[in-house]
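Colleague: quick one: sequence and predicted model below, then my questions.
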Amino acid sequence: MNRFSFTAVASAALLAVSSPAAFADAALAASNGCTACHQLDKKVIGPAYGQVSACYAEKDAKKMAANKAALMKHVIEGGAGVWGPIPMPAHPQLKDGAKNAELVKIIDWVMKDVKATECPKEFKRKG
Ligand code: HEC
C-alpha cells in the first residue's frame, strides 16, 4: 500500500470510528485489500460498510452472530446477487488460522464500529 492510500484510509476511518482498536481493525481491511472495493460511506464496487452495517443490524445476539457468520462465508466464497450483479471475488486465504481471525475482526468492526447509513432498495438478502 502506498502512503497516499494509507492516509486516505486512515482519515476515512478516523471520521467514522473512535477507539484505537477500531482503528487497527480498519487497517486490517486495508491490508487485506478490502478497501479496493469497499468504502465506509459510499458504494464503490462493493457496498459501503455503512450499508452492510444497516442491512444486517440485529439486536438479538444470536441473530447477529448468524449474520456475521453469513457475511464471513460470503467474503470467503465470493459471489454476487445480494447487492447487485457484480460478484465479490472469493478470498480462500481468509478461511483458516490467523487470517480467518483477521476476517472475524474486520466483520466485527463493520457491524460494531462503522456508522450505519441506509440499507438500499436493491439489497436482496440470501436465504
Ligand atoms: C474486487 C472487489 C472486492 C473486494 C476486493 C472485496 N469485496 Fe466485498 N464485495 C464486493 C462486491 C461486488 C460485493 C457485493 C456482492 C453481492 O452482491 O452478492 C461485496 C460484498 C461484501 C459484503 C456483504 C456481503 C453480503 O452477504 O451481504 C461484505 C461484508 C464484504 N463484501 C466484505 C469484504 C471484505 C472484508 C473484503 C476483504 C477481505 C472484501 N469484501 C473484498 C466486492 C469486493
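Modeller: Now that the structure is in, tell me what you want to look at.
Colleague: what is the burial count for residue 57?
Modeller: 12 (other C-beta atoms under 10 Å). In this view, the C-beta of every residue, glycine as well, is placed from N, C-alpha and C.
Colleague: wait, a strand at it?
Modeller: No - using DSSP: H, G, I helix; E, B strand; the rest coil, the assignment for residue 57 is coil, not a strand.
Colleague: who's in contact with it?
Modeller: The neighbours of residue 57, taking C-beta atoms under 8 Å, 6 or more residues apart in numbering as the test, are 111, 116.
Colleague: how near is it to residue 84?
Modeller: From residue 57 across to residue 84, the span is 20 Å (C-beta to C-beta, to the nearest Å).
Colleague: try residue 26
Modeller: Here residue 26 is placed at a distance of 24 Å from residue 84 (C-beta to C-beta).
Colleague: which of these two has more residues huddled nearby?
Modeller: Of the pair residue 26 and residue 84, residue 26 is the one with more neighbours under other C-beta under 10 Å, namely 26 against 15.
Colleague: test my guess that that one contacts residue 109.
Modeller: Yes - Residue 26 lies in contact with residue 109 (C-beta atoms under 8 Å); the separation is 6.5 Å.
Colleague: the ligand contacts on this protein?
Modeller: 32-34, 36-38, 45-47, 52, 71, 74-75, 79-84, 86-89, 91, 94, 106, 110 (C-beta under 6 Å from any ligand atom).
Colleague: among the residues you listed, which ones are in helices?
Modeller: Taking DSSP state H, the ones among the residues of the chain next to the ligand that sit in helices are 52, 71, 74-75, 106, 110.
Colleague: among those, name the buried ones.
Modeller: 52, 71, 74-75, 106, 110 (16 or more other C-beta atoms under 10 Å).
Colleague: can I get those residues in TSV with pLDDT and distance to residue 100?
Modeller: Converted to TSV, these look like this (pLDDT from 0 to 100; distance: C-beta to C-beta, whole Å):
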residue	pLDDT	distance to residue 100
52	98	19
71	98	13
74	98	14
75	98	10
106	98	11
110	97	16
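Colleague: could you pull out the strands for this protein?
Modeller: Ranges of strands within the chain: none, based on DSSP state E.
Colleague: quick one: contacts for residue 92?
Modeller: Going by C-beta under 8 Å, 6+ apart, residue 92 touches residue 76.
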